[in-house]
Structures are given as structure tokens and as C-alpha cells.
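In: let me see the structure of the following:
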Amino acid sequence: MMSSLRDAGVYIALKAVAAAFLSTMLPARTELIRREFTMPFWNEKISNNVVDRLIRFHIARAAGKSPDGAAFEQLHRNFWQKQNPEGWYESTHRRALTEYVPFVDRVLPAIIPFLERYSIERICDIGTGSGAILNHLREMHGGTVNRFTGIDLSASEMEKNRFVYPEMEFITADAVQWIPEHATDRTMYLTVGGVFEYLSQGTLEKTLRNLRQRTDDSIVVLICEPMETEFDLERDLQSRPFGSELSFLHNYPHLLSHTGWRVEMQMIETVGGQRAITLVAVPQAIDPPVPNA
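Out: Prediction:
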């Protein structure tokens with residue numbers, strides 16, 4: 001046992017040395033892989049070979065030294081911010097239509113009562129991408145909800161969406177910064193297909209808390225955020241990088257309940273071959289400030 005552990009340690013050490021050497025000797029390639037860190041191998045300029053995998057390993061190892069996850073978060077933010085309509089968003093548009101729209105249709109009957117209870121007038125789709133899900137919701141519920149807003153980091157994608165869907169509002173922004181200034185009441189704040197997975201735990205907690213402090217009659221709806229089988233929602237309270245993308249695995253019920261929200265609907269299913277959590281959270285009562293004695 002000790003021998004196998006020692007051998008594994010030697011292997012990791014040698015791998016780290018090789019990865020650091022390649023990253024130093026190939027700075028242009030390292031920068032390309034850093035820009036495409038989240039999903040590098042869809043880019044035709046990057047090969048899934050030993051050299052490129054080692055360089056990505058070096059970048060990930062360096063990011064992993066950031067205890068709060070900020071370095072991974074920045075890598076993911078950079079990736080999504082530079083995407084354009086001809087790149088990754090084109091494939092996510094197809095996936096939205098084939099995988100997420102049918103699932104959204106299936107869970108909507110359980111969500112609609114919350115729209116009615118809180119008199120929801122606006123749907124705000126965070127990480128809207130191609131806008132396909134938001135447009136589907138507009139077609140389904142345009143009579144009761146009168147404002148549809150999509151937020152995304154990609155300026156070129158939002159420009160395209162404004163042309164394709166002139167009936168809706170598309171904003172180029174980082175939701176983390178946008179929410180404190182622009183959050184509105186009677187709004188359903190929505191993510192579909194993995195959005196908050198690209199935020200660190202600290203940033204997500206701050207975002208949810210900021211949102212709760214600025215509204216008393218809005219709801220949070222998360223649809224298909226990734227959830228691994230071995231992640232125990234009762235015990236695993238700390239977020240951690242996971243999977244090939246090294247995005248964040250979060251305990252969403254725990255984070256919501258500790259930032260002023262109460263989870264009223266929760267389900268875990270497999271969607272598109274991936275285990276995912278879907279939930280609806282409503283505002284918890286906020287205790288009034290204690291008067292000075």
C-alpha cells in the first residue's frame with residue numbers, strides 16, 4: 001500500500017515537472033489553452049494529445065492553489081466572455097432545443113404555481129446563451145409574463161439575439177455585478193443547463209444574498225445544474241471543482257437556505273446523460289433589525 005502511494009506521488013511529481021516545462025517552452029500554446037480552458041478540445045486548434053493535456057494540467061494545478069476557487073472562476077469567465085455565435089453557442093443552441101426544452105416543458109407545471117403566487121411579471125434568464133429557452137418560455141407564457149430578459153457575458157451573442165428575438169431584452173453583463181444594481185421585484189431568476197457551476201462558492205453565495213436583499217417577491221429557479229452521484233447533499237456542504245471542465249459542484253439547497261431563500265421544490269434526474277438538480281426557491285422572511293438598546 002505504501003509503495004503504491006509512493007509510486008503515485010512520484011508519478012504526480014514527474015507529471016507536474018513535465019507540465020511546467022512544456023508550459024514554459026510553449027508560451028503561445030499555453031495561452032491558447034488557457035483561453036479555452038473550460039472546453040479546450042472542441043477548438044480545432046487544440047489536440048487532445050499528451051502535450052496539450054499536460055499544459056492544461058499545469059494551468060489547472062496552478063488555479064487549484066487558489067483556496068477560494070477564484071482562479072478557476074476567472075478561467076471560466078474568460079472562456080464564456082469570448083464565445084461568439086459561430087463557436088460554442090451554436091452547439092449549446094442545438095442542445096437547448098433537443099434536451100432542455102423538453103425537460104423545461106416537463107417541469108413547468110410544477111413551477112407555474114410559483115409564478116402565480118408571486119405575481120411574476122418578468123423572467124430573467126442568467127447565462128441565456130442563444131436565448132432559445134427564454135424564447136420558448138415567451139411563446140408559452142407571453143400572456144401572463146410581460147417582460148423577458150436574457151443576460152450573458154458574450155457581447156456578440158447578445159447582439160445576435162437582439163436581431164433574432166426583437167421582442168425580448170438581451171443584456172451583455174456579468175450577472176454577479178448586474179444583480180446588485182438592476183434586480184427587480186416580481187421576477188423569476190432562472191438558470192438552465194449549468195450556469196452557476198462556473199461561479200465559485202463565495203461568489204455564488206454573494207450573488208444569491210445580494211439578490212435576496214433586493215427583492216421580497218421574486219423567485220429563483222435552477223433547472224439542470226450538474227450534480228454528481230457521489231455528492232451528498234446532507235454532508236457535502238463545500239463546493240469543489242469537478243468533471244472534465246473543472247467547473248464547480250455546489251450544494252444548491254444549502255447555499256440557498258443560508259442566503260435568505262427557502263427551497264420549496266427539488267428534484268434530481270438524469271438529463272442528456274448527466275445527473276442534474278432542479279429546484280425552486282422563494283424568499284425566506286428576513287428578521288427586522290434589532291433596535292439599539
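In: quick one: residue 189 from residue 69, how far?
Out: Noted for residue 189: a distance of 22 Å to residue 69, by CB to CB, to the nearest Å. Glycine gets a C-beta too; all of them are placed from N, C-alpha and C.
In: who's more crowded, these two?
Out: residue 189 (25 against 21; other CB atoms under 10 Å).
In: hey, C-alpha coordinates of the helix or strand hosting the more buried one in PDB?
Out: Element membership for residue 189, per DSSP states H and E: strand 187-192. C-alpha atoms of strand 187-192 as PDB (Å, rounded to 0.1, in the frame of the first residue of the first chain):
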ATOM      1  CA  THR A 187     -39.100  38.400 -11.300                       C
ATOM      2  CA  MET A 188     -38.200  34.700 -11.800                       C
ATOM      3  CA  TYR A 189     -34.400  34.500 -11.900                       C
ATOM      4  CA  LEU A 190     -33.600  31.500 -14.000                       C
ATOM      5  CA  THR A 191     -30.700  29.300 -15.000                       C
ATOM      6  CA  VAL A 192     -30.900  26.300 -17.300                       C
END
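In: helices or strands up against that strand?
Out: Secondary-structure packing of strand 187-192 (3 or more CB pairs under 8 Å, 6 or more residues apart in numbering; DSSP states H and E): helix 101-117, strand 122-126, strand 219-226.
In: let me see the residues that make contact with the first one.
Out: It stands for helix 101-117. Helix 101-117 has contacts (CB atoms under 8 Å, 6 or more residues apart in numbering) with 120, 132-133, 136-137, 140-141, 144-145, 188, 192, 219, 221, 223-224, 264-265, 267, 269, 271, 278, 280, 282.
In: now that helix: average pLDDT?
Out: For helix 101-117, the mean per-residue pLDDT is 90.
In: and residue 122, how many neighbours?
Out: Around residue 122 there are 17 residues (other CB under 10 Å).
In: measure it to residue 233 for me?
Out: 30 Å.
In: buried residues, the following helix or strand past the strand holding residue 189. List them.
Out: For strand 187-192, the following helix or strand on the C-terminal side (DSSP H and E) is helix 201-213. If you call a residue buried by 16 or more other CB atoms under 10 Å, then helix 201-213 has these buried ones: 201, 203-208, 210-212.
In: residue 25: which of these is nearest?
Out: Nearest to residue 25 among those: residue 203, at 33.9 Å, using CB to CB.
In: other residues contacting stretch 180-191?
Out: Here stretch 180-191 makes contact (CB under 8 Å, 6+ apart) with 114-115, 118-127, 133, 145, 210-211, 214-223, 225.
In: do a quick rundown of the helices in the stretch 151-293 of the chain.
Out: Applying DSSP state H, counting those that start in this stretch to the stretch 151-293 of the chain gives helices spanning 155-164, 175-182, 201-213, 252-257.
In: against which helices or strands is the last one packed?
Out: This means helix 252-257. On a contact count with 3+ CB pairs under 8 Å, 6+ apart, helix 252-257 meets helix 201-213, strand 219-226, strand 261-271, strand 274-283.
In: since that was my last question, I'll sign off now.
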